[in-house]
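Undergrad: The following block contains a protein sequence and its predicted model.
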Amino acid sequence: MNNMKKKIITLITTLVLWVALPAQTNYTFITHHNVVKNSYNFWVSVPDTYEEQKGVIPVVLFLHGASLRGTDLNRVRRYGPLDAISMGRDINAIIIAPQNPGGAWNSVKVLDILNWVCSQYAVDTNRIYLIGMSLGGFGTIEFLANHAEKIAASMELCGGTIRKDLCKLNTVPLWIIHGTADRAVPVSRATEIYESMKKCGPTDLLRLDKWAGVNHGDLARLFYLKETYDWLFSHSKADNPRQVNKEIKLSKEDMSRAYKDITRGSNVITVKAYSRKKQDPDDMRRTDDGDDEVVDSKQAGQPLTTPEAPSSNQTVQKPDQNMQPASKPAAQQQTANKPTSTAKYHTVKQGDTLYAIAKKYHTTVDKICKLNKIKETTILQIGRKLRVK
């Protein structure tokens, strides 16, 4: 009888723990080696929400600091958005993380990667965000000085620039954060950027924070905070007029909770290697990849074995867009010719508000309420699908 009681207690305990586990989010991390000609190797992170958010999913472009330079892409996962996801942070976006092998960041090479990824995935090109730290902060300013028209909002951490022509920076919401105790890159670098921007006119789209007593490496913690991505995602190039969000706050005190806010073990990471047709070296079409490696957050700190050559029997080629499709049976052709619904839906996730959802899909709270027959005060249930258009 005692044994039976123990078994029942063990079963109940197991069920309680199972129910308490957070919902898993699946991310696919794809390595790209020598894919974009004369550019960098890079990672692309794709969340499992991609299929349902084609055309509206944002892009985050991450430029790392000098410590991650090299030819081993796994180094890029030591800190930053990819590591944040591996730790358990949900980032609902396509993330691009190139690796600089040495020297300063080249904005043309970064742009080539960005354009390539945007050609392979159905993303919202009005919602492309740039974030960089240290050497990546220098790269961020360089990219904005040349290609600010591509970016919806940018965050630059403890970086700087030697450029003087920074007028384009005045056209994009930009948040610069620098610590006064930074010995690697002095805080005066941030002041220099501000002074150069002032010469071009109003700096209404700039937020400049100098955090007392914060050193160079401390700012890496911002990659793990939800507010960092909330701030980025609150902007769009479609905003008229363009404004910088000053409602979302971040302070040096927030860094102490950077790793506490993450639900460890909640994400599952699948690592894949990008592949293309061997007989067509200039073909940059995206293919399905083989040789998956599943890495949960408990393994995130361990060295990764990233496959470079997927098994041929697992690779599925996408057809060339210029090729004529094979003839379809009449029934399939009739189905294909039917008009598709223009309705769009959003699956409610933790932290969502009607205001944030409306802003994300460039609509209004009132319209969402009417489409779903709800009120502004309705409590949003996680997992509920809301029609947004």
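TA: Happy to help now that I have it.
Undergrad: What segments of the stretch 1-150 of the chain are strands?
TA: Taking DSSP state E, counting those that start in this stretch to define them, one finds strands in the stretch 1-150 of the chain at 25-32, 41-47, 57-63, 94-99, 123-133.
Undergrad: Correct me if wrong: residue 262 contacts residue 85.
TA: No. Checked against Cβ atoms under 8 Å, the pair residue 262 and residue 85 is beyond contact range at 9.7 Å. For the C-beta atoms, the positions are set from N, CA and C on the backbone; glycine is no exception.
Undergrad: hmm, back to that, would you mind giving the strands of the stretch 1-150 of the chain as JSON lines with mean pLDDT added?
TA: Shown next, in JSON lines, are these (pLDDT from 0 to 100):
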{"stretch": "strand 25-32", "mean pLDDT": "96"}
{"stretch": "strand 41-47", "mean pLDDT": "98"}
{"stretch": "strand 57-63", "mean pLDDT": "98"}
{"stretch": "strand 94-99", "mean pLDDT": "98"}
{"stretch": "strand 123-133", "mean pLDDT": "98"}
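Undergrad: Make JSON lines out of those strands and add distance to residue 256 and mean neighbour count.
TA: JSON lines is the format used below for the strands of the stretch 1-150 of the chain (distance: least, Cβ to Cβ, whole Å; neighbours: other Cβ atoms under 10 Å):
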{"stretch": "strand 25-32", "distance to residue 256": "25", "mean neighbour count": "20"}
{"stretch": "strand 41-47", "distance to residue 256": "26", "mean neighbour count": "22"}
{"stretch": "strand 57-63", "distance to residue 256": "23", "mean neighbour count": "25"}
{"stretch": "strand 94-99", "distance to residue 256": "25", "mean neighbour count": "25"}
{"stretch": "strand 123-133", "distance to residue 256": "18", "mean neighbour count": "23"}
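Undergrad: Quick one, which of those strands gets closest to residue 227.
TA: Across the strands of the stretch 1-150 of the chain, residue 227 has its closest neighbour in strand 123-133 (12.9 Å, Cβ to Cβ).
Undergrad: Strand 57-63 and the closest one, what's the angle between them?
TA: Here strand 123-133 runs at an angle of 30 degrees relative to strand 57-63 (axes from the mean of the first three to the mean of the last three Cα atoms, to 10 degrees).
Undergrad: partners of strand 123-133 in the sheet?
TA: Its sheet considered, strand 123-133 pairs with strand 57-63 (parallel), strand 153-157 (parallel) by DSSP bridges.
Undergrad: mind giving me CSV with those and columns for distance to residue 217?
TA: CSV is the format used below for the strands paired with strand 123-133 (distance: least, Cβ to Cβ, whole Å):
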stretch, distance to residue 217
strand 57-63, 16
strand 153-157, 10
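Undergrad: So which of those strands is nearest residue 362?
TA: Among those, the nearest to residue 362 by Cβ to Cβ is strand 57-63 (12.3 Å).
Undergrad: Tell me how far that closest one lies from the chain's centre.
TA: Mean-position distance between strand 57-63 and its chain equals 4 Å (Cα atoms, centre = their mean, to the nearest Å).
Undergrad: hmm, back to that, of residue 262 and residue 85, who's got more company?
TA: Taking other Cβ atoms under 10 Å, residue 262 and residue 85 do not tie; residue 85 has more neighbours (25 against 21).
Undergrad: Which residues are in contact with that one?
TA: Residue 85 makes contact with 27, 45, 91, 95, 267, 269, according to Cβ atoms under 8 Å, 6 or more residues apart in numbering.
Undergrad: try residue 353
TA: Applying Cβ under 8 Å, 6+ apart to residue 353 gives the contacts residue 380.
Undergrad: out of the strands paired with strand 123-133, nearest to residue 36?
TA: Of all those, it is strand 57-63 that lies closest to residue 36, at 13.5 Å by Cβ to Cβ.
Undergrad: all strands for the stretch 201-350 of the chain, in order.
TA: For the stretch 201-350 of the chain, the strands defined by DSSP E, counting those that start in this stretch occupy 206-211, 267-273, 293-296, 345-347.
Undergrad: now, of those strands, which is deepest in the fold?
TA: Of all those, strand 267-273 has the most neighbours on average by mean count of other Cβ atoms under 10 Å, namely a mean of 20.
Undergrad: How far off centre is it?
TA: 15 Å.
Undergrad: Make 49 the starting number, not 1.
TA: Okay, residue one is now 49; in that scheme the one you just asked about reads as strand 315-321.
Undergrad: May I have the strands that pair with it, each with its orientation?
TA: strand 73-80 (parallel), strand 341-344 (antiparallel).
Undergrad: Domain boundaries for the chain, per the record?
TA: Structurally, the chain divides into domains by automatic domain parsing as follows: 70-305, 393-435.
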